[in-house]
Every structure is written in C-alpha cells, then in structure tokens.
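Engineer: Provided below for reference: sequence and predicted model.
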Amino acid sequence: MAHDELTPGEAALIEEYEALLADPSLWADVPAELEERVVDAITAEAAGATTGWYTYERPSRARRWLATAGAAAVGAAAAAAIVLVVTHDSSRSPDAVVALAGTDLAPGVAGTAGITAVASGVKIELAVPGLPRRDGGEFYQVWLKNCDGSQLVPAGSFHELDRAVAWAGVAPADYPLLTVTKEVVAPPQDAAQGSSGEVVLKGAVGECPT
C-alpha cells in the first residue's frame, strides 16, 4: 500500500513499524517493552472514543496492517525467546561419557558416547569421526544390548556418526552394551530388520555382572 494513500499520522506509524521490523536487534534480543509499545500505538491510533458515547470507527487498511505487523513482531520476538530457552536447556552436560572402539570392520576408528538420562529415555550423543558415510538404502544402526546379548533395543539409524544423537527408551543399567552395525533397508517382516551382525563399533554405557 502506497504511503500517499494514508494520513500523515498513519504513514508515520507505518514507517515506525517498518523500521522496528528491520532492526536486527529485534531478532537478536527481545525488548521487554515491545508488546506494550505495540498495544499502546494501535490503541491510540485506532480508538474511536469520544468524551460521551463511544463511536465505532471501522479500522482503515493502515490500522489493520499495523495490527498485523505488531502481532507479527510480538510473535517473532516471543519465538526468539523460546529458541534461546531451548538452546540453553540443550546445553546440559552428559551424565557420563564412554569410549567407543572400532572392530575389525572399522580398524583404527574410535569415538565417544555421551549418556544423559532424561524423562523420555536415554540420550546418546555420538562423536565418531572416520566411519565412511552410508547413503541410499545403507545406514548405520545404533543398538543397546543386555549383558548376555539376548535382547537388542534400536536407538536410531544414521548416515554417519561424526556428530549424531541417538535415543533409547530403556535404562542403561539393564542394557549396558552399545553397538553400531552396518545395515540395509529391508521389508517390514524380513529377518534383515534385526541386526545384521556386522558390528563396526562397541562400547559399554553401563556395567555387566562379572
């Protein structure tokens, strides 16, 4: 909408909000007074009150634009605040960090797994550089296994493990052995949906009875 279609006051308000939305500081930090400023400006401009009876005035296109822009600015600022909170929460240090060693299928490869227990399960932060990337129908599968090897719990599939996060809904105390295998895509009822047995990495996220 061209500014020459507006009253001088409306044009000035639009320019103010355009400058506000273009200001990088809006997205970097959330001004505490932003919502109050938006509400006050819209209320002052759009009010149709008189000293006696209240007279309704249909909002102009400019006022509707201002309301939409103001709401968008507040919403974007709130979203920025949420991102900051999530980033802060995700910075929690692992409860334990364990070593991972390559097998004969990945000689010389080594890495770590950071283990963090949360309400939804176990978070496993993998840092294993050096494994060749697998794409298409080929991938790496992370597993947790009980001590006698009779039970396997899948914890995620990946192209590579340079920096990856796996999840499992079991306790490391019950499934303390971590393995990574090479896998290929298989039909739903195919036996290949289980572990291929081609283990490339091993580690222990807990202790087995001796």
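Structural biologist: Right, received. Where do you want to start?

Engineer: low-confidence ranges in this protein?
Structural biologist: 1-6, 9, 23-36, 38-39, 41-91 (pLDDT under 70).

Engineer: domain parsing for it?
Structural biologist: Domain ranges of the chain: 3-89, 96-204, per automatic domain parsing.

Engineer: all the strands of the chain, residue numbers only.
Structural biologist: 96-102, 110-118, 121-127, 138-145, 152-158, 164-168, 177-184, 199-204 (DSSP state E).

Engineer: now what about the shortest one, what contacts it?
Structural biologist: Okay, so that is strand 164-168. Under the criterion Cβ atoms under 8 Å, 6 or more residues apart in numbering, residues 120-126, 142, 144, 153-156, 158, 175 lie in contact with strand 164-168. Placement of C-beta: from N, CA and C, glycine included.

Engineer: mind checking which of the residues you listed are buried?
Structural biologist: With burial judged by 16 or more other Cβ atoms under 10 Å, the buried subset of these is 122, 123, 124, 126, 142, 144, 154, 155, 156, 158, 175.

Engineer: before we move on, the earlier item: so which of the strands of the chain gets nearest residue 22?
Structural biologist: strand 164-168 (36.0 Å; Cβ to Cβ).

Engineer: with distance to residue 17 added, can I get the strands of the chain in TSV?
Structural biologist: Formatted as TSV, those follow (distance: least, Cβ to Cβ, whole Å):
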stretch	distance to residue 17
strand 96-102	49
strand 110-118	41
strand 121-127	42
strand 138-145	49
strand 152-158	45
strand 164-168	40
strand 177-184	53
strand 199-204	55
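
Engineer: of all the ones you listed, which one is nearest residue 10?
Structural biologist: Here strand 164-168 is closest among those (Cβ to Cβ), at 50.1 Å.

Engineer: partner strands of the closest one, parallel or antiparallel?
Structural biologist: Partners of strand 164-168 in the sheet, by DSSP bridges, are strand 121-127 (antiparallel).

Engineer: list the contacts of residue 194.
Structural biologist: Contacts for residue 194 were tallied using Cβ under 8 Å, 6+ apart; they are residue 152.

Engineer: for it, grab phi and psi.
Structural biologist: Torsion angles at residue 194 (phi, psi; degrees, to the nearest 10) stand at phi -80, psi -170.
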